[in-house]
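Participant: pasting the sequence and the predicted model now:
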Amino acid sequence: MSLESTVKPLALLARVLDPLQSVFALATRWYVSWQFLKSGWLKVSNWQGTLDLFRTEYHVPLLPPALAAVTGAFGELFFSALLVLGIAGRVGPVGLFAVNLMAVISYRQVLLADGYEAALGQHILWGFMLATLAVYGLGAIAVDRLVAGRFARQPRW
């Protein structure tokens, strides 16, 4: 088997899969954002319940419960919106990664307990998805790309 006979199929595979990168980045952005949008919406739609949870269940280091609740809900909604639309590049995935990490730290007494491996696994999956988007970017299907393309076509005065 020659090197050329190995390289040609690999190059063909890359040509077939490369155009799907932006579609997969978009699907990843939308999936992970949806998880955090649901959580953020639940927090703001039952604010008293949210405050109670932050007082009793979620142990956010360094922040009083009310401020932690506001910060958590804001982070879930704001960074998810950036990610869904593809605005501000890597700010959305980095921000949601931080929210996700804080959720694991704040609820560690449950997530690290026996029997909750699947719940922790979800947070790990979301963390990897967000880290991938932060490292590799949001893909070509994003408002950032649309805006950058328009500015690139503008005449320079």
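Facilitator: Ah, there it is.

Participant: what about the closest residue to Val23 other than its chain neighbours, distance to Asp18?
Facilitator: Nearest non-adjacent residue to Val23, counting by CB to CB, 6 or more residues apart in numbering: Ile141, 7.1 Å away. Bear in mind the C-beta positions are built from the backbone N, C-alpha and C, glycine included. To Asp18, Ile141 is 14 Å away according to CB to CB, to the nearest Å.

Participant: of these two, who's got more company?
Facilitator: Ranked by neighbour count (other CB atoms under 10 Å), Ile141 and Asp18 place Ile141 first, with 15 against 9.

Participant: the more buried one and Phe24 touch, don't they?
Facilitator: No: judged on CB atoms under 8 Å, Ile141 makes no contact with Phe24 at a distance of 10.1 Å.

Participant: can you tell me the closest non-neighbouring residue to Leu63?
Facilitator: Using CB to CB, 6+ apart, the closest residue to Leu63 is Thr71 (6.6 Å).

Participant: so the one you found, which of the three states?
Facilitator: On the three-state scheme (DSSP: H, G, I helix; E, B strand; the rest coil), Thr71 is labelled helix.

Participant: next, count neighbours for it.
Facilitator: There are 15 residues near Thr71, going by other CB under 10 Å.

Participant: go on, the one 5 residues further on?
Facilitator: Here the number of neighbours of Glu76 (other CB under 10 Å) works out to 26.

Participant: now for Thr132: which residues touch it?
Facilitator: Thr28 (CB atoms under 8 Å, 6 or more residues apart in numbering).

Participant: check which element follows the helix or strand in which it is found along the chain.
Facilitator: For Thr132, the host element (DSSP states H and E) is helix 117-136. The helix or strand immediately downstream of helix 117-136 is helix 143-152, counting by DSSP H and E.

Participant: quick check: buried residues in the helix or strand of the chain with the lowest mean pLDDT?
Facilitator: None of the helices or strands of the chain scores lower by mean pLDDT, DSSP states H and E than helix 143-152, at a mean of 81. Neighbour counts over helix 143-152 (16 or more other CB atoms under 10 Å) mark Asp144, Arg145 as buried.
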